[in-house]
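# Requesting a structural model of the entry that follows:
(chains A and B)
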Amino acid sequence: MPAPIRLRELIRTIRTARTQAEEREMIQKECAAIRSSFREEDNTYRCRNVAKLLYMHMLGYPAHFGQLECLKLIASQKFTDKRIGYLGAMLLLDERQDVHLLMTNCIKNDLNHSTQYVQGLALCTLGCMGSSEMCRDLAGEVEKLLKTSNSYLRKKAALCAVHVIRKVPELMEMFLPATKNLLNEKNHGVLHTSVVLLTEMCERSPDMLAHFRKVSLVPQLVRILKNLIMSGYSPEHDVSGISDPFLQVRILRLLRILGRNDDDSSEAMNDILAQVATNTETSKNVGNAILYETVLTIMDIKSESGLRVLAINILGRFLLNNDKNIRYVALTSLLKTVQTDHNAVQRHRSTIVDCLKDLDVSIKRRAMELSFALVNGNNVRGMMKELLYFLDSCEPEFKADCASGIFLAAEKYAPSKRWHIDTIMRVLTTAGSYVRDDAVPNLIQLITNSVEMHAYTVQRLYKAILGDYSQQPLVQVASWCIGEYGDLLVSGQCEEEEPIQVTEDEVLDILESVLISNMSASVTRGYALTAIMKLSTRFTCTVNRIKKVVSIYGSSIDVELQQRAVEYNALFKKYDHMRPALLERMPVMEKVTTNGPTEIVQTNGETEPAVLETKPPPSGLQPASEANDLLDLLGGSDITPVIPTAPTSKPAFAGGELLDLLGDLNLTGSPVSAPAPQIAQPPFLLDGLPSQPLFNDIAAGIPSITAYNKNGLKIDFTFERSNTNPSVTVITIQASNSTELDMTDFVFQAAVPKTFQLQLLSPSSSVIPAFNSGTITQVIKVLNPQKQQLRMRIKLTYNHKGSAMQDLAEVNNFPPQSWQ
Amino acid sequence: MQFMLLFSRQGKLRLQKWYVPLSDKEKKKITRELVQTVLARKPKMCSFLEWRDLKIVYKRLYASLYFCCAIEDQDNELITLEIIHRYVELLDKYFGSVCELDIIFNFEKAYFILDEFLLGGEVQETSKKNVLKAIEQADLLQEVSNSTSLAEVSYR
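Numbers count the residues shown, from 1 in each chain, chains lettered A, B, ... in the order given. Sure thing, here's the model as predicted:
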């Protein structure tokens, strides 16, 4: 059999391939040859074959059949074999393969080899890819070599020890004795790697850190650093006039760790830091690298204020550097320090703002983040101007974050309401489609709060969407406002600017355009329809037109719109006497900070501050004069809780879906009818007087029940009776999850027999965390005037383990005290 | 340093040194994505970018070869540029004005040199002279071990 071709030849041949297919063919042929050569256990050419295999592996072809061959090469006595064998091991083997454990013995032998270059190979391989088991087995050998006087081996052993510690932190202790005179070396390689080792130990263990502080490591490091700076030109370690910048940087980093939160250490390094900060050459990258590390250290230790100012000024100078890399690290560092040294960073504000115009995306992003961090009451006008300009011209990937940032800053520091509204308008019009969904309810809430600006706001919003109604968040906010303040719009009442002349029909025109447009999302259409409806009580001449529009959408294929339209229709017909009250102007909304989902869940119910975490929907619907206790909300919370519309006028009619739930709970026997309400009493949307406590005091020990317990989901009911109304039972449900994965998008629905009325309030959240580590709570109020036995059918929907789950169940085990 | 990649303008890998344990599949995926990302960078952009939870430092040399390092949050980007620069200097000295072809045809030597400069992702020797001396000696040892066997079996 001819000798296998040489590596060089193979590379040359493969490079002549003109197509991928040709290359693949050559590779396959060669691999076959190599395989048979391996099978023949040929010692002579094994090295050559593995070398070729490594080349082909780099091209992306599989080479696993060479793994064992690498081990054989490592075990060989020839240096060439070992060199290629260890390289192969590092490239082809990783700790997941069992095969690599076989290396341990070879490495052990080679660590004790008579030739330092062989020892070096072993140390390198172990330090690069040794598994925890290998590290455990060989740590002793490494520790031995850490104490050798051979600097070539000592430096490698130090880094190998670092790897061992990273893999098996418990072994850190055994290297401690060897560190005692590591820094006494003259050899820079040993010094550098020793500093790395000490850094690793100090970072991992507070005890080590304390120990090294105690044994005066700081003065020792300071001395070494000083020597580097003060000593003359050393050709061996010089880089652009600086002596061993790699070592300087590592020492500075170790000093940072030692000085952190420690006054004495920080003081001991104060002078040297000042010296490095002022004397380092800044014309080349290497000098700036050292300055950069120095700044990081100064900012992180307990340095005196003069030093900190010096550091920030260095960063300020960096910002003006022509080298964009330097500008980038400056911005990154300033971002880290802006909280603690706010005033010092403020001084460089204009330079930072200039960086918004930089060409580099990473620099722009940092400049933006930093700019937001620097906005305060004094500079808000100027900063917002710059940031709005930035929003206009920046890349799409920034717009959402920038818009959110502007909203936040505007909210915190707005100098006037008019300015605030203007700023919001500007964002909505320039980046309207990038504004986050949760911004819409926030903005609406803000607008309702600025009572005196309503006319101005609605006018500006109207003008904004006249030209272009494609930006959904803008259109949503505009629709909502027009619905609310449309009367101000047509009456031309604006104080802040020239009022425009607008007729009722023109307003309806634009809202209808939004409804019809292909660009409008379903949610937006909902806003528009509701707005049109509201205008029926604010406009005088166009009520018939509104009626017509509403009735048309009663047969829309969009279920959301259809439902709304049908209900609004009913408002015109049967409940016309209630319409004005239902559609009255919203009151000012309280802002509740939320941790939970920020969607406004449709509840129509009074919100209960203690239990609920979702944003309370505007509860501003004024109750009609006869307050009735309960609403009829069969099924309560929405089927799709993501509807962010303000639930202004959603009367409590049973939606189509819930009729299924009620199907056979029809105790009276009469046929289930279409969307008419299932109760005798007229539906009122509110639970009337806010003063009425929701939870009453007669808890009186009604036993709780487990209503549902299946697939790891458990729902418990606890009961309370109202002391003002004996027909009311308040049920608190608690849903818990004993599985190992969270249940998300959880929706609880309930239906009761016809003689009952049900009101479901907002749930605390829509996620039930795993392992029973938290619950969702939700309140149900049941009105039972006929004191019938309570029965309930519940429907549960949620996502679990990646699939959608749904279940129906009947709850029949209500304790008598809950309904008698 | 977590890993270093060398690749051509066409996206062909010339060297890959991994200092973290990953499966072959993961390495391929990371390589593919990162190469794409870096190749898409325009000349005016800075040498740093954030990618996943790592900082990437890259340098483009000889118009056709990219040197790309992935470092951790606490590592110094600017000194990493110096590390790349030093490695190139070492290759240059060793091959005598290095070009991409040298690295293609002598990839194993490029690894040997790297392994004398870095170990476990950290710099092990800051003296250019010492690194080159070690390589020289090891090469000599290799020559000797080849010539002492009966057949002419250099793998090259």
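
# And the lowest-mean-pLDDT helix or strand in chain B, what's buried?
For chain B, counting by mean pLDDT, DSSP states H and E, strand B:48-51 ranks last in confidence among helices and strands (a mean of 90). Using 16 or more other C-beta atoms under 10 Å in any protein chain shown as the test for burial, strand B:48-51 gives B:Phe48, B:Leu49. In this view, the C-beta of every residue, glycine as well, is placed from N, C-alpha and C.

# what sits up against that strand?
The contact list for strand B:48-51, computed with C-beta atoms under 8 Å, 6 or more residues apart in numbering or on different chains, reads A:325, A:328-329, A:362, B:34, B:37-38, B:41, B:55-58, B:70, B:77.

# Now render these as a markdown table, adding distance to B:Asp24 and pLDDT.
Shown next, in a markdown table, are those (distance: C-beta to C-beta, whole Å; pLDDT from 0 to 100):
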| residue | distance to B:Asp24 | pLDDT |
| --- | --- | --- |
| A:Asn325 | 33 | 94 |
| A:Tyr328 | 33 | 94 |
| A:Val329 | 34 | 94 |
| A:Ser362 | 31 | 83 |
| B:Leu34 | 16 | 96 |
| B:Thr37 | 21 | 94 |
| B:Val38 | 21 | 95 |
| B:Arg41 | 27 | 90 |
| B:Lys55 | 24 | 94 |
| B:Ile56 | 21 | 96 |
| B:Val57 | 24 | 97 |
| B:Tyr58 | 23 | 96 |
| B:Ala70 | 17 | 97 |
| B:Glu77 | 29 | 96 |
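
# which residues of the stretch 401-550 of chain A fall in helices?
A:417-431, A:439-449, A:454-467, A:472-490, A:504-516, A:522-535, A:543-552 (DSSP state H, counting those that start in this stretch).

# can you tell which of those helices is closest to chain B?
Among those, helix A:417-431 comes nearest to chain B, with 23.0 Å by C-beta to the nearest C-beta.

# now the helices for chain B?
Counting by DSSP state H, chain B has helices at residues B:24-39, B:77-95, B:100-105, B:107-117, B:128-147.

# Tabulate the helices of the stretch 401-550 of chain A (a markdown table), appending mean pLDDT and mean neighbour count.
Converted to a markdown table, the helices of the stretch 401-550 of chain A look like this (pLDDT from 0 to 100; neighbours: other C-beta atoms under 10 Å in any protein chain shown):
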| stretch | mean pLDDT | mean neighbour count |
| --- | --- | --- |
| helix A:417-431 | 87 | 21 |
| helix A:439-449 | 85 | 22 |
| helix A:454-467 | 87 | 21 |
| helix A:472-490 | 89 | 26 |
| helix A:504-516 | 88 | 19 |
| helix A:522-535 | 90 | 24 |
| helix A:543-552 | 87 | 16 |
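
# Dump these to CSV, plus distance to A:Ser36.
Output for those, formatted as CSV (distance: least, C-beta to C-beta, whole Å):
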stretch, distance to A:Ser36
helix A:417-431, 65
helix A:439-449, 68
helix A:454-467, 76
helix A:472-490, 66
helix A:504-516, 74
helix A:522-535, 66
helix A:543-552, 80
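
# Figure out which of the ones you listed is closest to A:Ala344.
Nearest to A:Ala344, of all these, is helix A:417-431, at 28.0 Å by C-beta to C-beta.

# okay, and for the chain, where does confidence drop off?
Picked chain A for this. For chain A, the stretches flagged by pLDDT under 70 are A:1, A:96-97, A:99-100, A:590-701, A:723.

# Sorry, I should have been clearer: chain B.
In the predicted model, chain B carries pLDDT under 70 at residues B:149-153.

# what's the angle from the helix or strand containing A:Tyr389 to helix A:417-431?
Secondary structure assignment for A:Tyr389, by DSSP states H and E: helix A:380-393. Orientation check (axes from the mean of the first three to the mean of the last three C-alpha atoms, to 10 degrees): helix A:380-393 against helix A:417-431 gives 10 degrees.

# What residues of helix A:380-393 count as buried?
Those would be A:Val380, A:Met383, A:Met384, A:Glu386, A:Leu387, A:Leu388, A:Phe390, A:Leu391, for helix A:380-393 by 16+ other C-beta under 10 Å.

# cool, and stretch B:48-62?
Those would be B:Phe48, B:Leu49, B:Leu54, B:Lys55, B:Ile56, B:Val57, B:Tyr58, B:Lys59, B:Arg60, B:Leu61, for stretch B:48-62 by 16+ other C-beta under 10 Å.

# I'd like the residues you listed as CSV, with distance to A:Leu790 appended.
Shown next, in CSV, are those (distance: C-beta to C-beta, whole Å):
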residue, distance to A:Leu790
B:Phe48, 66
B:Leu49, 62
B:Leu54, 59
B:Lys55, 62
B:Ile56, 63
B:Val57, 68
B:Tyr58, 69
B:Lys59, 74
B:Arg60, 75
B:Leu61, 79
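
# tell me which residues of stretch A:17-37 are tucked away?
For stretch A:17-37, burial by neighbour count (16+ other C-beta under 10 Å) applies to A:Glu23, A:Met26, A:Ile27, A:Glu30, A:Cys31, A:Ala33, A:Ile34, A:Ser37.

# wouldn't the last one be in contact with A:Tyr45 here?
By that I understand A:Ser37. Yes - counting by C-beta atoms under 8 Å, A:Tyr45 is a contact partner of A:Ser37 at 6.1 Å.

# Which neighbours do the two have in common?
Overlap of the contact sets of A:Ser37 and A:Tyr45 (by C-beta under 8 Å, 6+ apart) consists of A:Pro4.

# Wait, A:Tyr527 touches A:Cys481, no?
No - the criterion here is C-beta under 8 Å, and A:Tyr527 misses it with A:Cys481 at 10.0 Å.

# Next, the contact list for the spatially most central residue of chain A, please.
Most central in chain A under C-alpha atoms, centre = their mean is A:Asp401, positioned 12.2 Å from the mean C-alpha point. With contact set as C-beta under 8 Å, 6+ apart, A:Asp401 has these partners: A:Met368.

# Could you check how far it is from chain B?
As for A:Asp401, its distance to chain B is 14 Å (criterion: C-beta to the nearest C-beta, to the nearest Å).

# how much space between the closest residue to A:Tyr413 other than its chain neighbours and chain B?
Spatial nearest neighbour of A:Tyr413, excluding adjacent residues (C-beta to C-beta, 6 or more residues apart in numbering or on different chains): A:Val380 at 4.1 Å. The spacing between A:Val380 and chain B, counted by C-beta to the nearest C-beta, is 29 Å.

# same question, A:Ala804
According to C-beta to the nearest C-beta, A:Ala804 stands 30 Å off from chain B.
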